[in-house]
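Trainee: quick check, what structure comes out for this input:
(chains A and B)
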There are 2 protein chains.
Amino acid sequence: MKLSNLSPEKAREMIRKGEWDRPTAGLSNGYIQANLVVLPKEMAYDFLVFCQRNPKPCPVLDVTDVNAYHPPSVAPQADLRTDLPKYLVYRNGKKTEERTDLTDVWTEDMVGFLLGCSFTFEQALLENDIPIRHIEEGLNVPMFKTNLSCQPAGKFHGPMVVSMRPMKSNDVIRSIQVTSRFPSVHGAPVHIGDPETIGINDLQSPDFGDAVPIKEDEVPVFWACGVTPQAIAMHMKPKLMLTHAPGHMFITDQKNEAFGVL
Amino acid sequence: MKLSNLSPEKAREMIRKGEWDRPTAGLSNGYIQANLVVLPKEMAYDFLVFCQRNPKPCPVLDVTDVNAYHPPSVAPQADLRTDLPKYLVYRNGKKTEERTDLTDVWTEDMVGFLLGCSFTFEQALLENDIPIRHIEEGLNVPMFKTNLSCQPAGKFHGPMVVSMRPMKSNDVIRSIQVTSRFPSVHGAPVHIGDPETIGINDLQSPDFGDAVPIKEDEVPVFWACGVTPQAIAMHMKPKLMLTHAPGHMFITDQKNEAFGVL
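Mentor: Next up, the predicted model:
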(Lines give C-alpha, C1' and ligand atoms only; values in the text may rest on other atoms or scores of the structure.)
Protein backbone atom coordinates (compact mmCIF):
# COMPACT_ATOMS: atom_id res chain seq x y z
CA MET A 1 0.00 0.00 0.00
CA LYS A 2 1.29 3.44 -0.87
CA LEU A 3 2.07 5.65 2.12
CA SER A 4 0.19 8.51 0.53
CA ASN A 5 -2.98 6.40 0.61
CA LEU A 6 -2.68 5.27 4.23
CA SER A 7 -5.65 6.28 6.36
CA PRO A 8 -4.71 8.75 9.10
CA GLU A 9 -5.48 6.02 11.65
CA LYS A 10 -3.06 3.57 9.99
CA ALA A 11 -0.40 6.22 9.54
CA ARG A 12 -0.58 7.15 13.24
CA GLU A 13 -0.47 3.46 14.20
CA MET A 14 2.69 2.99 12.14
CA ILE A 15 4.23 6.03 13.83
CA ARG A 16 3.12 4.92 17.32
CA LYS A 17 4.74 1.51 16.81
CA GLY A 18 8.03 3.20 15.94
CA GLU A 19 7.90 2.10 12.32
CA TRP A 20 8.12 5.68 11.01
CA ASP A 21 10.29 8.45 12.47
CA ARG A 22 10.72 10.61 9.36
CA PRO A 23 8.84 13.76 8.23
CA THR A 24 5.15 13.29 7.52
CA ALA A 25 4.96 15.10 4.17
CA GLY A 26 3.46 12.65 1.71
CA LEU A 27 1.72 10.49 4.33
CA SER A 28 -2.10 10.22 4.15
CA ASN A 29 -2.41 12.78 1.38
CA GLY A 30 -5.49 14.95 1.56
CA TYR A 31 -5.68 15.00 5.36
CA ILE A 32 -4.89 18.03 7.49
CA GLN A 33 -1.54 17.87 9.25
CA ALA A 34 -0.98 20.05 12.29
CA ASN A 35 1.69 21.73 14.41
CA LEU A 36 1.77 20.70 18.08
CA VAL A 37 2.50 23.02 21.00
CA VAL A 38 2.18 21.70 24.57
CA LEU A 39 2.27 24.31 27.33
CA PRO A 40 1.72 24.45 31.08
CA LYS A 41 -1.94 25.00 31.95
CA GLU A 42 -1.10 28.32 33.61
CA MET A 43 -0.05 29.69 30.21
CA ALA A 44 -2.91 28.11 28.27
CA TYR A 45 -5.55 30.81 28.67
CA ASP A 46 -3.30 33.66 27.54
CA PHE A 47 -1.99 31.52 24.68
CA LEU A 48 -5.53 30.77 23.53
CA VAL A 49 -6.51 34.46 23.71
CA PHE A 50 -3.35 35.27 21.75
CA CYS A 51 -4.34 32.77 19.07
CA GLN A 52 -7.91 34.11 19.00
CA ARG A 53 -6.56 37.62 18.42
CA ASN A 54 -4.11 36.49 15.73
CA PRO A 55 -5.96 33.86 13.74
CA LYS A 56 -3.83 34.16 10.61
CA PRO A 57 -0.50 33.12 12.19
CA CYS A 58 -2.16 31.05 14.96
CA PRO A 59 -5.09 29.04 13.59
CA VAL A 60 -6.11 26.73 16.45
CA LEU A 61 -7.47 23.44 15.15
CA ASP A 62 -7.92 21.73 18.52
CA VAL A 63 -7.13 21.92 22.24
CA THR A 64 -6.80 18.96 24.58
CA ASP A 65 -8.65 18.73 27.86
CA VAL A 66 -6.60 18.71 31.04
CA ASN A 67 -5.39 15.16 31.73
CA ALA A 68 -6.27 14.06 28.21
CA TYR A 69 -3.97 13.45 25.29
CA HIS A 70 -6.38 13.23 22.37
CA PRO A 71 -7.60 16.12 20.22
CA PRO A 72 -11.38 15.76 20.62
CA SER A 73 -12.39 17.59 17.44
CA VAL A 74 -9.88 16.49 14.82
CA ALA A 75 -8.79 12.97 15.91
CA PRO A 76 -10.55 11.73 19.07
CA GLN A 77 -8.91 8.27 18.92
CA ALA A 78 -5.35 9.54 18.66
CA ASP A 79 -2.73 10.06 21.37
CA LEU A 80 -0.67 13.21 20.94
CA ARG A 81 2.10 11.77 23.15
CA THR A 82 2.92 8.93 20.77
CA ASP A 83 1.38 9.60 17.37
CA LEU A 84 3.90 12.09 15.99
CA PRO A 85 7.21 10.76 14.63
CA LYS A 86 9.46 13.22 16.41
CA TYR A 87 9.15 15.77 19.19
CA LEU A 88 11.28 18.52 20.69
CA VAL A 89 11.50 19.26 24.41
CA TYR A 90 12.26 22.83 25.51
CA ARG A 91 13.12 23.64 29.11
CA ASN A 92 13.27 27.32 30.13
CA GLY A 93 13.24 28.28 26.45
CA LYS A 94 16.11 26.01 25.43
CA LYS A 95 15.89 22.87 23.34
CA THR A 96 17.11 20.07 25.57
CA GLU A 97 15.99 16.91 23.84
CA GLU A 98 14.58 15.22 20.74
CA ARG A 99 12.23 12.31 21.45
CA THR A 100 9.95 9.93 19.62
CA ASP A 101 7.33 9.97 22.34
CA LEU A 102 6.20 12.27 25.13
CA THR A 103 4.71 9.71 27.50
CA ASP A 104 7.23 10.39 30.27
CA VAL A 105 7.35 14.19 29.94
CA TRP A 106 3.77 15.38 29.27
CA THR A 107 2.70 16.06 32.83
CA GLU A 108 -0.84 16.41 34.10
CA ASP A 109 -0.74 20.17 34.22
CA MET A 110 -0.10 20.63 30.50
CA VAL A 111 -2.38 21.39 27.57
CA GLY A 112 -1.82 20.45 23.93
CA PHE A 113 -2.68 22.78 21.07
CA LEU A 114 -2.88 21.75 17.43
CA LEU A 115 -2.35 24.59 14.98
CA GLY A 116 -2.98 24.61 11.26
CA CYS A 117 0.06 24.24 9.02
CA SER A 118 0.84 25.31 5.48
CA PHE A 119 0.78 21.78 4.04
CA THR A 120 -2.97 22.16 3.49
CA PHE A 121 -2.82 25.30 1.41
CA GLU A 122 0.32 24.17 -0.41
CA GLN A 123 -1.59 21.10 -1.52
CA ALA A 124 -4.37 23.37 -2.77
CA LEU A 125 -1.84 25.52 -4.66
CA LEU A 126 -0.27 22.46 -6.30
CA GLU A 127 -3.70 21.21 -7.35
CA ASN A 128 -4.14 24.55 -9.06
CA ASP A 129 -0.84 24.06 -10.94
CA ILE A 130 0.91 26.79 -8.98
CA PRO A 131 4.48 25.52 -8.48
CA ILE A 132 6.07 25.85 -5.03
CA ARG A 133 9.74 26.67 -5.20
CA HIS A 134 11.00 25.14 -1.94
CA ILE A 135 9.23 21.88 -2.75
CA GLU A 136 10.75 21.86 -6.25
CA GLU A 137 14.17 22.45 -4.70
CA GLY A 138 13.76 19.99 -1.83
CA LEU A 139 14.25 22.77 0.71
CA ASN A 140 12.40 24.03 3.79
CA VAL A 141 10.16 27.04 3.19
CA PRO A 142 11.96 30.37 3.91
CA MET A 143 10.51 32.18 6.94
CA PHE A 144 11.05 35.77 8.07
CA LYS A 145 10.34 37.92 11.11
CA THR A 146 8.36 40.99 10.00
CA ASN A 147 7.56 44.44 11.33
CA LEU A 148 3.91 43.37 11.58
CA SER A 149 3.06 43.17 15.28
CA CYS A 150 0.78 40.49 16.59
CA GLN A 151 -2.05 41.74 18.80
CA PRO A 152 -0.68 40.99 22.30
CA ALA A 153 -2.49 38.91 24.96
CA GLY A 154 -1.26 38.72 28.54
CA LYS A 155 2.49 38.21 28.38
CA PHE A 156 2.37 36.97 24.79
CA HIS A 157 3.54 39.51 22.24
CA GLY A 158 5.91 39.77 19.32
CA PRO A 159 6.24 40.08 15.58
CA MET A 160 4.42 37.98 13.03
CA VAL A 161 6.59 35.43 11.25
CA VAL A 162 5.75 34.85 7.59
CA SER A 163 6.66 32.20 5.05
CA MET A 164 7.49 33.25 1.48
CA ARG A 165 6.73 31.59 -1.82
CA PRO A 166 7.82 33.25 -5.07
CA MET A 167 5.53 32.92 -8.08
CA LYS A 168 4.74 34.43 -11.44
CA SER A 169 2.49 37.45 -11.18
CA ASN A 170 -0.34 35.74 -13.04
CA ASP A 171 -0.34 33.00 -10.39
CA VAL A 172 -0.56 35.50 -7.54
CA ILE A 173 -4.26 36.28 -7.99
CA ARG A 174 -5.19 32.61 -8.17
CA SER A 175 -3.04 31.86 -5.11
CA ILE A 176 -5.01 34.46 -3.14
CA GLN A 177 -8.30 32.91 -4.20
CA VAL A 178 -7.19 29.37 -3.50
CA THR A 179 -5.77 30.02 -0.02
CA SER A 180 -8.63 32.34 1.00
CA ARG A 181 -10.80 29.23 1.07
CA PHE A 182 -8.80 27.93 4.05
CA PRO A 183 -8.90 30.55 6.83
CA SER A 184 -8.22 27.87 9.45
CA VAL A 185 -4.81 27.07 7.95
CA HIS A 186 -3.42 30.62 7.60
CA GLY A 187 -5.82 31.67 4.80
CA ALA A 188 -4.98 34.37 2.29
CA PRO A 189 -1.49 35.89 2.10
CA VAL A 190 -0.68 38.82 4.40
CA HIS A 191 1.51 40.59 1.83
CA ILE A 192 2.52 40.44 -1.81
CA GLY A 193 5.38 42.27 -3.45
CA ASP A 194 7.93 44.56 -1.79
CA PRO A 195 9.44 42.76 1.21
CA GLU A 196 10.71 46.00 2.78
CA THR A 197 7.14 47.14 3.41
CA ILE A 198 6.85 44.43 6.04
CA GLY A 199 10.39 44.86 7.36
CA ILE A 200 12.21 42.19 5.39
CA ASN A 201 15.50 43.48 4.00
CA ASP A 202 16.97 40.44 2.33
CA LEU A 203 14.94 37.58 0.90
CA GLN A 204 18.10 35.51 0.66
CA SER A 205 18.62 35.62 4.46
CA PRO A 206 15.57 34.00 6.03
CA ASP A 207 15.29 33.91 9.84
CA PHE A 208 14.14 30.27 9.71
CA GLY A 209 14.18 27.63 6.97
CA ASP A 210 16.14 27.85 3.73
CA ALA A 211 16.68 30.59 1.14
CA VAL A 212 15.13 29.76 -2.24
CA PRO A 213 15.95 31.15 -5.68
CA ILE A 214 13.59 33.84 -6.98
CA LYS A 215 13.39 34.38 -10.72
CA GLU A 216 13.29 37.79 -12.34
CA ASP A 217 9.65 37.65 -13.36
CA GLU A 218 8.47 36.41 -9.97
CA VAL A 219 6.69 38.15 -7.09
CA PRO A 220 7.30 37.12 -3.47
CA VAL A 221 4.04 36.16 -1.71
CA PHE A 222 3.97 36.07 2.10
CA TRP A 223 1.70 34.03 4.33
CA ALA A 224 1.36 34.21 8.11
CA CYS A 225 3.37 31.32 9.52
CA GLY A 226 2.71 28.80 12.28
CA VAL A 227 6.22 29.39 13.61
CA THR A 228 4.84 32.64 15.09
CA PRO A 229 3.09 31.15 18.15
CA GLN A 230 5.94 28.73 18.88
CA ALA A 231 8.54 31.49 18.64
CA ILE A 232 6.48 33.75 20.87
CA ALA A 233 5.76 31.08 23.47
CA MET A 234 9.41 30.06 23.52
CA HIS A 235 10.43 33.68 24.04
CA MET A 236 8.62 33.49 27.41
CA LYS A 237 10.90 30.63 28.45
CA PRO A 238 8.24 28.36 29.93
CA LYS A 239 9.62 25.82 32.39
CA LEU A 240 8.57 23.09 29.98
CA MET A 241 7.28 23.31 26.43
CA LEU A 242 6.84 20.39 24.04
CA THR A 243 6.46 20.64 20.26
CA HIS A 244 6.61 18.49 17.15
CA ALA A 245 9.99 18.43 15.40
CA PRO A 246 9.90 20.52 12.19
CA GLY A 247 8.17 18.58 9.43
CA HIS A 248 7.18 15.78 11.81
CA MET A 249 3.54 16.76 12.07
CA PHE A 250 0.37 15.32 13.59
CA ILE A 251 -1.93 13.73 11.00
CA THR A 252 -5.59 14.47 11.78
CA ASP A 253 -8.72 12.60 10.69
CA GLN A 254 -9.99 15.71 8.91
CA LYS A 255 -9.69 16.12 5.18
CA ASN A 256 -8.14 19.33 3.87
CA GLU A 257 -11.31 19.97 1.92
CA ALA A 258 -13.42 19.83 5.10
CA PHE A 259 -11.75 23.09 6.14
CA GLY A 260 -12.53 24.92 2.91
CA VAL A 261 -15.15 27.55 3.79
CA LEU A 262 -16.49 27.64 0.25
CA MET B 1 -27.51 62.99 10.21
CA LYS B 2 -29.16 59.65 9.62
CA LEU B 3 -28.57 57.11 12.39
CA SER B 4 -27.67 54.50 9.81
CA ASN B 5 -24.75 56.68 8.73
CA LEU B 6 -23.37 57.38 12.20
CA SER B 7 -19.80 56.23 12.65
CA PRO B 8 -19.46 53.45 15.23
CA GLU B 9 -17.59 55.90 17.46
CA LYS B 10 -20.42 58.45 17.33
CA ALA B 11 -23.07 55.79 17.83
CA ARG B 12 -21.29 54.46 20.92
CA GLU B 13 -20.86 58.00 22.24
CA MET B 14 -24.60 58.63 21.88
CA ILE B 15 -25.29 55.37 23.71
CA ARG B 16 -22.72 56.12 26.42
CA LYS B 17 -24.31 59.52 27.09
CA GLY B 18 -27.69 57.84 27.61
CA GLU B 19 -29.16 59.34 24.44
CA TRP B 20 -30.04 55.93 22.97
CA ASP B 21 -31.39 52.95 24.94
CA ARG B 22 -33.19 51.14 22.14
CA PRO B 23 -32.11 48.19 19.94
CA THR B 24 -29.12 48.83 17.72
CA ALA B 25 -30.49 47.42 14.45
CA GLY B 26 -30.18 50.18 11.87
CA LEU B 27 -27.39 52.06 13.66
CA SER B 28 -24.06 52.46 11.83
CA ASN B 29 -25.07 50.25 8.95
CA GLY B 30 -22.29 48.14 7.48
CA TYR B 31 -20.42 47.68 10.77
CA ILE B 32 -20.26 44.42 12.68
CA GLN B 33 -22.47 44.29 15.76
CA ALA B 34 -21.69 41.75 18.46
CA ASN B 35 -23.15 39.79 21.35
CA LEU B 36 -21.58 40.41 24.76
CA VAL B 37 -20.98 37.75 27.43
CA VAL B 38 -19.06 38.67 30.59
CA LEU B 39 -17.98 35.76 32.79
CA PRO B 40 -15.81 35.24 35.87
CA LYS B 41 -12.17 34.70 34.94
CA GLU B 42 -12.27 31.19 36.42
CA MET B 43 -14.76 30.17 33.71
CA ALA B 44 -13.04 32.05 30.89
CA TYR B 45 -10.56 29.39 29.76
CA ASP B 46 -13.14 26.63 29.45
CA PHE B 47 -15.53 29.03 27.75
CA LEU B 48 -12.87 30.00 25.21
CA VAL B 49 -12.01 26.35 24.53
CA PHE B 50 -15.73 25.66 24.11
CA CYS B 51 -15.97 28.47 21.56
CA GLN B 52 -12.84 27.24 19.76
CA ARG B 53 -14.41 23.79 19.46
CA ASN B 54 -17.75 25.14 18.30
CA PRO B 55 -16.94 28.03 16.00
CA LYS B 56 -20.24 28.00 14.12
CA PRO B 57 -22.49 28.79 17.12
CA CYS B 58 -19.72 30.57 19.08
CA PRO B 59 -17.66 32.80 16.78
CA VAL B 60 -15.40 34.80 19.12
CA LEU B 61 -14.67 38.26 17.73
CA ASP B 62 -12.74 39.58 20.71
CA VAL B 63 -11.78 38.96 24.34
CA THR B 64 -10.95 41.64 26.91
CA ASP B 65 -7.83 41.55 29.01
CA VAL B 66 -8.24 41.16 32.75
CA ASN B 67 -8.92 44.59 34.31
CA ALA B 68 -9.68 46.07 30.90
CA TYR B 69 -13.02 46.95 29.41
CA HIS B 70 -12.18 47.57 25.77
CA PRO B 71 -12.11 44.98 22.98
CA PRO B 72 -8.54 45.37 21.69
CA SER B 73 -9.11 43.95 18.21
CA VAL B 74 -12.50 45.26 17.14
CA ALA B 75 -12.88 48.60 18.98
CA PRO B 76 -9.86 49.53 21.12
CA GLN B 77 -11.32 52.95 22.11
CA ALA B 78 -14.67 51.62 23.34
CA ASP B 79 -15.80 50.73 26.87
CA LEU B 80 -17.91 47.60 27.05
CA ARG B 81 -19.36 48.70 30.41
CA THR B 82 -21.10 51.76 28.98
CA ASP B 83 -21.26 51.51 25.20
CA LEU B 84 -24.19 49.13 24.82
CA PRO B 85 -27.71 50.51 25.23
CA LYS B 86 -29.01 47.81 27.54
CA TYR B 87 -27.54 44.96 29.59
CA LEU B 88 -28.85 42.02 31.58
CA VAL B 89 -27.41 40.85 34.89
CA TYR B 90 -27.69 37.18 35.80
CA ARG B 91 -26.87 35.94 39.29
CA ASN B 92 -26.62 32.19 39.84
CA GLY B 93 -28.27 31.63 36.46
CA LYS B 94 -31.26 33.91 37.11
CA LYS B 95 -31.91 37.27 35.48
CA THR B 96 -31.94 39.78 38.33
CA GLU B 97 -31.62 43.14 36.66
CA GLU B 98 -31.72 45.21 33.46
CA ARG B 99 -29.22 48.08 33.36
CA THR B 100 -27.93 50.71 30.97
CA ASP B 101 -24.38 50.44 32.23
CA LEU B 102 -22.17 47.88 33.96
CA THR B 103 -19.70 50.19 35.67
CA ASP B 104 -20.76 49.12 39.18
CA VAL B 105 -21.10 45.41 38.51
CA TRP B 106 -18.24 44.39 36.17
CA THR B 107 -15.70 43.35 38.80
CA GLU B 108 -11.98 42.95 38.28
CA ASP B 109 -12.11 39.19 38.04
CA MET B 110 -14.35 39.13 34.96
CA VAL B 111 -13.64 38.77 31.26
CA GLY B 112 -15.75 40.09 28.39
CA PHE B 113 -16.31 38.12 25.20
CA LEU B 114 -17.74 39.55 22.00
CA LEU B 115 -19.38 36.98 19.74
CA GLY B 116 -20.49 37.40 16.15
CA CYS B 117 -24.20 37.93 15.55
CA SER B 118 -26.49 37.24 12.64
CA PHE B 119 -26.97 40.92 11.73
CA THR B 120 -23.88 40.69 9.53
CA PHE B 121 -25.01 37.80 7.39
CA GLU B 122 -28.61 39.04 7.29
CA GLN B 123 -27.32 42.27 5.78
CA ALA B 124 -25.44 40.22 3.19
CA LEU B 125 -28.60 38.21 2.40
CA LEU B 126 -30.66 41.39 1.97
CA GLU B 127 -28.05 42.85 -0.35
CA ASN B 128 -28.48 39.72 -2.43
CA ASP B 129 -32.26 40.32 -2.58
CA ILE B 130 -33.01 37.35 -0.36
CA PRO B 131 -35.93 38.46 1.83
CA ILE B 132 -35.84 37.72 5.57
CA ARG B 133 -39.23 36.84 6.97
CA HIS B 134 -38.87 37.94 10.58
CA ILE B 135 -37.58 41.34 9.43
CA GLU B 136 -40.50 41.71 7.00
CA GLU B 137 -42.88 40.86 9.83
CA GLY B 138 -41.16 42.99 12.48
CA LEU B 139 -40.53 39.94 14.65
CA ASN B 140 -37.54 38.41 16.43
CA VAL B 141 -35.88 35.52 14.57
CA PRO B 142 -37.24 32.08 15.63
CA MET B 143 -34.64 29.98 17.47
CA PHE B 144 -34.71 26.29 18.34
CA LYS B 145 -32.77 23.85 20.47
CA THR B 146 -31.59 20.97 18.27
CA ASN B 147 -30.36 17.42 18.71
CA LEU B 148 -26.95 18.55 17.42
CA SER B 149 -24.55 18.36 20.36
CA CYS B 150 -21.85 20.93 20.79
CA GLN B 151 -18.38 19.53 21.36
CA PRO B 152 -18.01 19.85 25.16
CA ALA B 153 -15.16 21.69 26.93
CA GLY B 154 -14.66 21.44 30.68
CA LYS B 155 -18.06 21.86 32.29
CA PHE B 156 -19.51 23.48 29.18
CA HIS B 157 -21.77 21.21 27.16
CA GLY B 158 -25.20 21.21 25.60
CA PRO B 159 -27.18 21.31 22.39
CA MET B 160 -26.63 23.74 19.54
CA VAL B 161 -29.30 26.40 19.20
CA VAL B 162 -30.18 27.39 15.65
CA SER B 163 -32.05 30.29 14.08
CA MET B 164 -34.41 29.62 11.17
CA ARG B 165 -35.15 31.66 8.08
CA PRO B 166 -37.62 30.32 5.49
CA MET B 167 -36.90 31.04 1.83
CA LYS B 168 -37.73 29.92 -1.68
CA SER B 169 -35.67 26.96 -2.77
CA ASN B 170 -33.93 28.93 -5.51
CA ASP B 171 -32.68 31.37 -2.85
CA VAL B 172 -31.26 28.57 -0.68
CA ILE B 173 -28.18 27.96 -2.83
CA ARG B 174 -27.34 31.65 -2.99
CA SER B 175 -27.87 32.01 0.77
CA ILE B 176 -25.31 29.26 1.35
CA GLN B 177 -22.79 31.00 -0.88
CA VAL B 178 -23.39 34.41 0.63
CA THR B 179 -23.13 33.34 4.28
CA SER B 180 -20.17 31.00 3.65
CA ARG B 181 -18.12 34.16 3.10
CA PHE B 182 -18.55 35.05 6.78
CA PRO B 183 -17.28 32.14 8.92
CA SER B 184 -16.67 34.51 11.82
CA VAL B 185 -20.35 35.36 12.11
CA HIS B 186 -21.86 31.83 12.02
CA GLY B 187 -20.98 31.17 8.37
CA ALA B 188 -22.91 28.74 6.19
CA PRO B 189 -26.16 27.16 7.42
CA VAL B 190 -25.93 23.98 9.50
CA HIS B 191 -29.08 22.44 8.01
CA ILE B 192 -31.61 22.97 5.23
CA GLY B 193 -34.96 21.24 4.85
CA ASP B 194 -36.55 18.72 7.21
CA PRO B 195 -36.51 20.15 10.75
CA GLU B 196 -37.03 16.72 12.37
CA THR B 197 -33.59 15.61 11.20
CA ILE B 198 -32.09 18.01 13.71
CA GLY B 199 -34.67 17.36 16.41
CA ILE B 200 -37.11 20.18 15.77
CA ASN B 201 -40.70 18.95 15.86
CA ASP B 202 -42.70 22.13 15.38
CA LEU B 203 -41.43 25.17 13.50
CA GLN B 204 -44.32 27.18 14.94
CA SER B 205 -43.08 26.64 18.53
CA PRO B 206 -39.61 28.14 18.73
CA ASP B 207 -37.67 27.83 21.99
CA PHE B 208 -36.60 31.49 21.78
CA GLY B 209 -37.81 34.42 19.66
CA ASP B 210 -41.01 34.49 17.62
CA ALA B 211 -42.73 32.05 15.25
CA VAL B 212 -42.81 33.28 11.65
CA PRO B 213 -45.14 32.26 8.81
CA ILE B 214 -43.66 29.78 6.31
CA LYS B 215 -45.16 29.66 2.82
CA GLU B 216 -45.86 26.44 0.97
CA ASP B 217 -43.06 26.80 -1.54
CA GLU B 218 -40.45 27.70 1.07
CA VAL B 219 -37.63 25.70 2.64
CA PRO B 220 -36.53 26.32 6.26
CA VAL B 221 -32.81 27.17 6.47
CA PHE B 222 -31.06 26.83 9.84
CA TRP B 223 -27.98 28.70 11.03
CA ALA B 224 -25.99 28.10 14.22
CA CYS B 225 -27.09 30.76 16.69
CA GLY B 226 -25.21 32.98 19.13
CA VAL B 227 -27.77 32.15 21.81
CA THR B 228 -25.96 28.80 22.14
CA PRO B 229 -22.98 29.98 24.25
CA GLN B 230 -25.14 32.23 26.43
CA ALA B 231 -27.65 29.45 27.06
CA ILE B 232 -24.87 27.00 27.88
CA ALA B 233 -22.99 29.40 30.17
CA MET B 234 -26.21 30.30 31.95
CA HIS B 235 -26.97 26.61 32.47
CA MET B 236 -23.86 26.48 34.66
CA LYS B 237 -25.34 29.14 36.92
CA PRO B 238 -22.26 31.30 37.31
CA LYS B 239 -22.36 33.50 40.39
CA LEU B 240 -22.40 36.53 38.09
CA MET B 241 -22.84 36.75 34.34
CA LEU B 242 -23.43 39.92 32.36
CA THR B 243 -24.79 40.09 28.81
CA HIS B 244 -26.26 42.56 26.33
CA ALA B 245 -30.06 42.73 26.31
CA PRO B 246 -31.46 41.02 23.20
CA GLY B 247 -31.11 43.29 20.17
CA HIS B 248 -29.08 45.84 22.16
CA MET B 249 -25.74 44.95 20.66
CA PHE B 250 -22.19 46.27 20.75
CA ILE B 251 -21.25 48.21 17.61
CA THR B 252 -17.64 47.50 16.57
CA ASP B 253 -15.28 49.56 14.41
CA GLN B 254 -15.02 46.70 11.93
CA LYS B 255 -16.96 46.69 8.68
CA ASN B 256 -19.01 43.62 7.86
CA GLU B 257 -17.07 43.25 4.64
CA ALA B 258 -13.76 43.12 6.54
CA PHE B 259 -14.88 39.72 7.85
CA GLY B 260 -15.66 38.26 4.44
CA VAL B 261 -12.99 35.63 3.75
CA LEU B 262 -13.37 35.98 0.00
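
Trainee: was I right about A:Thr103 contacting A:Asp83?
Mentor: No - judged on C-beta atoms under 8 Å, A:Thr103 makes no contact with A:Asp83 at a distance of 11.3 Å. Backbone N, C-alpha and C define where each C-beta goes, glycine included.

Trainee: which one of these two has more residues nearby?
Mentor: Using other C-beta atoms under 10 Å in any protein chain shown, the more surrounded residue of A:Thr103 and A:Asp83 is A:Asp83, with 25 against 10.

Trainee: can you classify A:Thr228 by secondary structure?
Mentor: helix (DSSP: H, G, I helix; E, B strand; the rest coil).

Trainee: nearest spatial neighbour of it, skipping sequence neighbours?
Mentor: A:Pro57 (3.6 Å; C-beta to C-beta, 6 or more residues apart in numbering or on different chains).

Trainee: enumerate the residues of chain A near chain B.
Mentor: A:44-45, A:48-49, A:52-53, A:60, A:62-63, A:65, A:72-73, A:151, A:153-154, A:177, A:180-181, A:183, A:187-188, A:261-262 (C-beta under 8 Å from any C-beta of the partner chain).

Trainee: which among the residues you listed end up buried?
Mentor: Taking 16 or more other C-beta atoms under 10 Å in any protein chain shown as the criterion, what is buried in those is A:44-45, A:48-49, A:52-53, A:60, A:62-63, A:65, A:72-73, A:151, A:153, A:180-181, A:183, A:187-188, A:261.

Trainee: look at the closest residue in space to A:Pro159 that isn't next to it in sequence and report its pLDDT.
Mentor: In space, and not counting its chain neighbours, A:Pro159 is closest to A:Lys145: 5.1 Å by C-beta to C-beta, 6+ apart. On the pLDDT scale, A:Lys145 is placed at 94.

Trainee: do the same with the one 4 residues further on
Mentor: If you check A:Ser149, the pLDDT there is 94.

Trainee: ok, now A:Ala25?
Mentor: 89.

Trainee: go on, A:His235?
Mentor: pLDDT at A:His235 comes out at 82.

Trainee: how near is A:Pro229 to A:Asn92?
Mentor: 18 Å (C-beta to C-beta, to the nearest Å).

Trainee: the two: which is more packed in?
Mentor: A:Pro229 (26 against 11).

Trainee: I'd say the more buried one and A:Val37 touch.
Mentor: Yes - counting by C-beta under 8 Å, A:Pro229 does reach A:Val37; the two are 6.3 Å apart.

Trainee: where do the contact lists of the two overlap?
Mentor: A:47, A:113, A:115 (C-beta atoms under 8 Å, 6 or more residues apart in numbering or on different chains).

Trainee: look up how far chain B lies from the residue minimising distance to the centre of chain A.
Mentor: Centroid-nearest residue in chain A, with C-alpha atoms, centre = their mean: A:Cys117, separated by 3.2 Å. Using C-beta to the nearest C-beta, to the nearest Å, we find A:Cys117 at a distance of 17 Å from chain B.

Trainee: what are the structural domain limits within chain A?
Mentor: A:33-116+A:230-259, A:119-229 (automatic domain parsing).

Trainee: of those, which stretch is the most buried?
Mentor: Of all the domains of chain A, domain A:33-116+A:230-259 carries the top mean neighbour count, a mean of 20, counting by mean count of other C-beta atoms under 10 Å in any protein chain shown.

Trainee: so how far is that domain off the chain centroid?
Mentor: 10 Å (C-alpha atoms, centre = their mean, to the nearest Å).

Trainee: now the end-to-end length of that domain.
Mentor: 12 Å (C-alpha to C-alpha, to the nearest Å).

Trainee: swap in stretch A:191-203?
Mentor: 14 Å.

Trainee: state the mean pLDDT of that stretch.
Mentor: 97.

Trainee: A:Asn95 belongs to a helix?
Mentor: Quick fix: residue A:95 reads Lys, not Asn. No - under three-state DSSP, A:Lys95 falls outside any helix and is assigned strand.

Trainee: ok so, going back, could you list which of the residues of chain A next to chain B belong to strands?
Mentor: A:60, A:62-63 (DSSP state E).

Trainee: got TSV for those residues, with pLDDT too?
Mentor: Supplementary listing: these in TSV, determined by pLDDT from 0 to 100:
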residue	pLDDT
A:Val60	96
A:Asp62	97
A:Val63	97
